[in-house]
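> what would the 3D arrangement of this be:
(one chain, ligands or ions: 2)
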Amino acid sequence: MSEAAARSTAPAGGGARPALADSLASPLRDWLPRQRWFAGKGLPVTGIDLDAVTPLLPGAALLHVLLRAHQPPAEEGPGERYQLLIGADERVPPALAPAVIGHVDRGPLAGLTVYDALQDPRRAAVLLERLRTPGPLGDLRFHRGPHGRVPPGLPARPLRAEQSNSSVVYGDRLIAKVFRRVRPGTNPDLELPLALARAGCTRVPAPVAWFETYESGGAGEPTTLGILQPYVRGATDGWELALSRLASGTDFTAEARELGRATAEVHAALAGSLPTVTLTRPRTEELAASMIRRLDATARQVPALLPHVPALRGAFADLAVGAPVRRAQRIHGDLHLGQFLRTRSGGWQLIDFEGEPSRPLAERRMPHPPHRDVAGMLRSFDYAARSHRPYDPSWARACRAAYCEGYAAATGCDPRADPPLLRAYETDKAVYESLYEARHRPTWLEVPLAALSELASPG
Ligand SMILES: Nc1ncnc2c1ncn2[C@@H]1O[C@H](COP(=O)(O)OP(=O)(O)O)[C@@H](O)[C@H]1O
Ligand SMILES: O=P(O)(O)O[C@H]1O[C@H](CO)[C@@H](O[C@H]2O[C@H](CO)[C@@H](O)[C@H](O)[C@H]2O)[C@H](O)[C@H]1O
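Ligands and ions are numbered 1, 2, ... in the order given. Purely as a prediction, here's the structure:
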């Protein structure tokens, strides 16, 4: 454990900080790699630095922690940064057993059990109270936006979903998302919904409050740590709905068409409120080269991909020499069926503008061809079809066509008009998915691999 970086506003004064870091290191080293949101799966955590510790309650009962996890091979590097809310108590109720990080045997928390406080409704309620009252707290800054209210005393319900981050629902009225892997700068999950709300787009829940920290490396910008937004009550997400339609053998093309329309509306609002650019050569060549680099890097980690690599490179080579991309713009960046919520009145709301969490924030915040989002949805229809037995490729084909038709009807631009661009993005997404599945859900790996095998030999 490097103690040099341990910095804290508490809990027991300057002299206690390295001791706190030291005492938490051992339980955290075992616990972190077991979390779904931990990015460095498969490698041991060899060291932990505490970057900042801010008590959210008097004493050490609830600590906001920004830490760095060191892993081989870059053990001497800065490490990946994660955000935790740590609760500390003499006894933890049985309901919180899954949240336990471990027992602390020395330092300022000696004798206490520490646990993931975002899974504890009592402690998660404190976060809402902080978000209600804007202002600084230690290294943290809490903000309120111009949209919506934050009523006091809403009961907290931590979400148990398998997520990239952690979310808490408050009284079925608001939902807070706390980012787990923290990158310096403004998170697009705050930036884009705020821009869309300003543009009057109602397809996306508008952020009500958020919190952030200032630090070096964020180009003078604060680093977004969490967001509070309206909770869409009684919603069904597009993935659940698609699976239930597959199970009952009923049509999903009308919904797919609506999803295309909703995507197009959000794209139009983003293009109207944030910068757009035209991509000509050599930018398209650079884009293709970056996709090829990602393919090669992924194939080193997912060897099942290797037989397809030469043919898949072809998909990217076609993009390099293809037509210019007339409009690259800010996009969702990780679009799939699960990112759409169908409201009780039947409309679709779009959530989670974070982009692919494994990509650098600067890359996620650049303009991209809207085809990238479209390709994400096309992949998602394929995922749904392949997760159902018997596999019916015509289900996915029909949904994919309907989605593109809905998109074209709303914008006048049919994403299928540029096949090399769409194929390159679909391939790139399936490559990303193969790494995602290999890391997080190995039993799903065959889904993107099957698609890549088809993309490698388009018929
Ligand atoms: N505004 C919202 N209203 C209702 N449910 C939501 C809302 N935002 C997120 N959710 C639920 O929380 C889950 C996780 O949210 P998401 O933003 O996708 O987090 P992550 O980035 O961790 O995947 C979603 O799949 C959805 O079920
Ligand atoms: O956690 P996020 O929603 O930000 O996204 C990550 O997890 C998704 C899975 O939960 C993953 O999506 C992949 O699986 C979906 C089915 O579960 C499928 O609909 C998507 O098309 C497929 O990409 C997503 O890639 C990942 O970033």
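> residues contacting the residue of the stretch 351-459 of the chain found nearest ligand 1?
For the stretch 351-459 of the chain and ligand 1, the shortest gap (C-beta to the nearest ligand atom) falls at residue 352, measuring 3.4 Å. To be clear about C-beta, it is placed using only N, CA and C from the backbone, and glycine gets the same treatment. Residue 352 sits next to 189, 332, 334, 339 when contact means C-beta atoms under 8 Å, 6 or more residues apart in numbering.
> switch the cut-off to 6 Å
By C-beta atoms under 6 Å, 6 or more residues apart in numbering, the contact list for residue 352 reads residue 339.
> repeat for residue 107
Neighbours of residue 107 in contact, by C-beta under 6 Å, 6+ apart: 19, 20, 23.
> wait, isn't the last one in contact with residue 102?
Meaning residue 23. No. Contact between residue 23 and residue 102 fails when scored by C-beta atoms under 6 Å: they sit 10.1 Å apart.
> those two: which is more packed in?
Counted by other C-beta atoms under 10 Å, residue 23 and residue 102 do not tie: residue 23 has more neighbours, with 20 against 15.
> beyond the helix or strand the more buried one falls within, next helix or strand please.
Element membership for residue 23, per DSSP states H and E: helix 17-31. The helix or strand immediately downstream of helix 17-31 is strand 47-55, counting by DSSP H and E.
> look at the residue lying closest to residue 43 once chain neighbours are set aside and say how many residues are nearby.
Nearest non-adjacent residue to residue 43, counting by C-beta to C-beta, 6 or more residues apart in numbering: residue 71, 4.5 Å away. By other C-beta under 10 Å, 21 other residues sit near residue 71.
> what does residue 76 give?
Neighbours of residue 76 (other C-beta under 10 Å): 9.
> neighbouring contacts of stretch 143-152?
Residues from elsewhere that reach stretch 143-152 (C-beta under 6 Å, 6+ apart): 132, 134, 197, 206, 207, 208, 209, 210, 230.
> want to throw the contacts of residue 107 into a markdown table with pLDDT and distance to residue 89?
Putting the contacts of residue 107 into a markdown table (pLDDT from 0 to 100; distance: C-beta to C-beta, whole Å) gives the following:
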| residue | pLDDT | distance to residue 89 |
| --- | --- | --- |
| 19 | 81 | 19 |
| 20 | 84 | 16 |
| 23 | 88 | 15 |
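> of all those, which comes closest to residue 403?
residue 20 (51.0 Å; C-beta to C-beta).
> tell me, how many residues neighbour that closest one?
Neighbourhood size, residue 20 [other C-beta under 10 Å]: 24.
> distance of it relative to residue 60?
8 Å (C-beta to C-beta, to the nearest Å).
> now do the shared contacts for these two.
With C-beta under 6 Å, 6+ apart, residue 20 and residue 60 have no common neighbours.
> what count of nearby residues applies to the residue nearest to residue 171 when sequence neighbours are not counted?
Nearest residue to residue 171, sequence neighbours excluded (C-beta to C-beta, 6+ apart): residue 154, at 3.3 Å. Neighbouring residues of residue 154 were enumerated by other C-beta under 10 Å; the total is 18.
> same question, residue 179
Neighbours of residue 179 under the rule other C-beta under 10 Å: 22.
> do I have it right that it meets residue 165?
Yes. The pair formed by residue 179 and residue 165 meets the contact definition of C-beta under 6 Å, at 5.2 Å.
> which stretches of this structure form helices?
Here the chain has its helices, by DSSP state H, at 17-31, 121-132, 188-198, 238-248, 253-273, 283-301, 309-320, 361-364, 371-386, 393-411, 419-440, 446-456.
> any idea how far residue 56 is from residue 314?
Using C-beta to C-beta, residue 56 is found at 53 Å from residue 314.
> of those two, which one has the most company?
Neighbour totals were compared for residue 56 and residue 314, and residue 56 leads with 21 against 15 (other C-beta under 10 Å).
> and the pLDDT at residue 176?
On pLDDT, residue 176 comes in at 98.
> measure it to ligand 1 for me?
10 Å (C-beta to the nearest ligand atom, to the nearest Å).
> ditto for residue 288
Distance of residue 288 to ligand 1, given as C-beta to the nearest ligand atom: 28 Å.
> next: residue 222.
19 Å.
> circling back: quick check: the farthest pair among the contacts of stretch 143-152?
132 and 197, at 19.3 Å, using C-beta to C-beta across the contacts of stretch 143-152.
> more crowded one of the two?
Counted by other C-beta under 10 Å, residue 132 and residue 197 do not tie: residue 197 has more neighbours, with 21 against 18.
> leaving out the residues flanking it, which one is nearest to residue 342?
That would be residue 236: by C-beta to C-beta, 6+ apart, it lies 5.0 Å from residue 342.
> what count of nearby residues applies to the one you found?
Applying other C-beta under 10 Å, we find 14 residues neighbouring residue 236.
> next, the closest residue to residue 418 other than its chain neighbours: phi, psi?
Nearest residue to residue 418, sequence neighbours excluded (C-beta to C-beta, 6+ apart): residue 323, at 6.5 Å. Residue 323 adopts backbone torsions of phi -70, psi 160, taken as degrees, to the nearest 10.
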